[in-house]
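Q: what would the 3D arrangement of this be:
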Amino acid sequence: MTRETSLGRLVRGTLLTIVGLFFLFPIFWVFLMSFQTNETILRIPPSLLFTPTLDNYVALISGKLESQAGTLEIKFMNNLMNSVILSVSSVLLSLILGVPAAYAFARFRFRLGENIAFTLLSFRFAPPLLVLLPLLFYFQTIGLDNTYIGLIWVYQLITLPLILWIVRGYFEDISEDIEHAYRVDGNGWFRTFIKVAVPLARPASPPRPCWHSSSPGTILSSR
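A: Numbers count the residues shown, from 1 in each chain. Presented below is the predicted three-dimensional model:
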């Protein structure tokens, strides 16, 4: 029985290794191509034996690729910086707007609340081509085309609904009694949101509240 189990594990491991190599080989080959010249890349048949070079990485950083045909300008670093600025700014703005909104939808019941939340979520379902042309014409009219602000605004249609609905679930899992106990000493909803709700909603192990001995219903701090 032990011999059959060991043989099965060996066969399963071998098959998984073969499948993994099959799917990872294109990535490995592209990585090798980054150390090759154009002549080596276009060589037929291709070979794993070549003289590595760092000219491609130097060209990406410097923005210029020297070849026999001339000098080719590469705006990789500029495009990378644009991507970093847009992604970080979009996520930060979505967190600033989405986390308080998620808390409001989770804790307060107001008219058309669920309809508003579902409307925000429906932006994720809209085909990009449906809003591409109207937004383009609109941005050209107000002067936001080809700007960081315009793209960050558009990205809110993607990131804001996602953050809103995910974080809302975290807030709904927190017992309202904990927040009520913290508000016994006169703390407002904003301080309760910052000091209790946000730490408890973080995607980690929930902090354990420390209770004051003279006032069992008051939370002093969270660890």
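Q: name the element the spatially most central residue of the chain belongs to?
A: Nearest residue to the geometric centre of the chain (Cα atoms, centre = their mean): Val91, 7.6 Å. Secondary structure from DSSP states H and E places Val91 in helix 76-107.
Q: show me what counts as buried in the next helix or strand along the chain from that helix.
A: Using DSSP H and E, the helix or strand that follows helix 76-107 towards the C-terminus is helix 113-122. By neighbour count on 16 or more other Cβ atoms under 10 Å, the buried set for helix 113-122 is Ala117, Leu120. Every C-beta, even on glycine, is put in place using the N, C-alpha and C of the backbone.
Q: mind saving the C-alpha coords of helix 113-122 as CSV?
A: What follows is helix 113-122, C-alpha atoms only, in CSV (Å, rounded to 0.1, in the frame of the first residue of the first chain):
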residue,chain,number,x,y,z
GLY,A,113,-29.4,53.7,-0.4
GLU,A,114,-29.4,50.3,-2.0
ASN,A,115,-30.3,51.7,-5.4
ILE,A,116,-27.4,54.1,-5.2
ALA,A,117,-25.0,51.3,-4.2
PHE,A,118,-26.2,49.1,-7.0
THR,A,119,-25.9,52.0,-9.5
LEU,A,120,-22.3,52.4,-8.5
LEU,A,121,-21.7,48.7,-8.9
SER,A,122,-23.4,48.8,-12.4
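Q: packing partners of it?
A: With contacts defined as 3 or more Cβ pairs under 8 Å, 6 or more residues apart in numbering; DSSP states H and E, helix 113-122 has these neighbours: helix 148-172.
Q: next structured bit after the helix it packs on?
A: Note on helix 148-172: by DSSP H and E, the next helix or strand toward the C-terminus is helix 176-182.
Q: so which elements touch that following helix?
A: strand 219-222.
Q: and Ser4, what pLDDT?
A: Actually, residue 4 is Glu rather than Ser. pLDDT recorded at Glu4 is 58.
Q: ignore what I typed, I meant Leu135.
A: For Leu135, pLDDT reads 82.
Q: before we move on, back to that, pull the distance from the helix holding Val91 to the chain's centre.
A: For helix 76-107, the separation from the chain centroid amounts to 9 Å (computed by Cα atoms, centre = their mean, to the nearest Å).
Q: now do it against helix 148-172, angle only.
A: Helix 76-107 runs at 40 degrees relative to helix 148-172, counting by axes from the mean of the first three to the mean of the last three Cα atoms, to 10 degrees.
Q: hang on, the earlier thing: what's the closest non-adjacent residue to the residue nearest to the centre of the chain?
A: Counting by Cβ to Cβ, 6 or more residues apart in numbering, Val91 lies nearest to Thr159, which is 6.0 Å off, once chain neighbours are set aside.
Q: okay, now that neighbour: neighbour count?
A: Using other Cβ atoms under 10 Å, Thr159 is surrounded by 20 other residues.
Q: tell me the contacts of it?
A: For Thr159, the contacting residues are Ser90, Val91, Ser94, Gly98, by Cβ atoms under 8 Å, 6 or more residues apart in numbering.
Q: could you rerun that using 7 Å?
A: Ser90, Val91, Ser94 (Cβ atoms under 7 Å, 6 or more residues apart in numbering).
Q: any chance of JSON lines for these, columns pLDDT and distance to Leu21?
A: JSON lines is the format used below for the contacts of Thr159 (pLDDT from 0 to 100; distance: Cβ to Cβ, whole Å):
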{"residue": "Ser90", "pLDDT": "92", "distance to Leu21": "37"}
{"residue": "Val91", "pLDDT": "92", "distance to Leu21": "35"}
{"residue": "Ser94", "pLDDT": "91", "distance to Leu21": "39"}
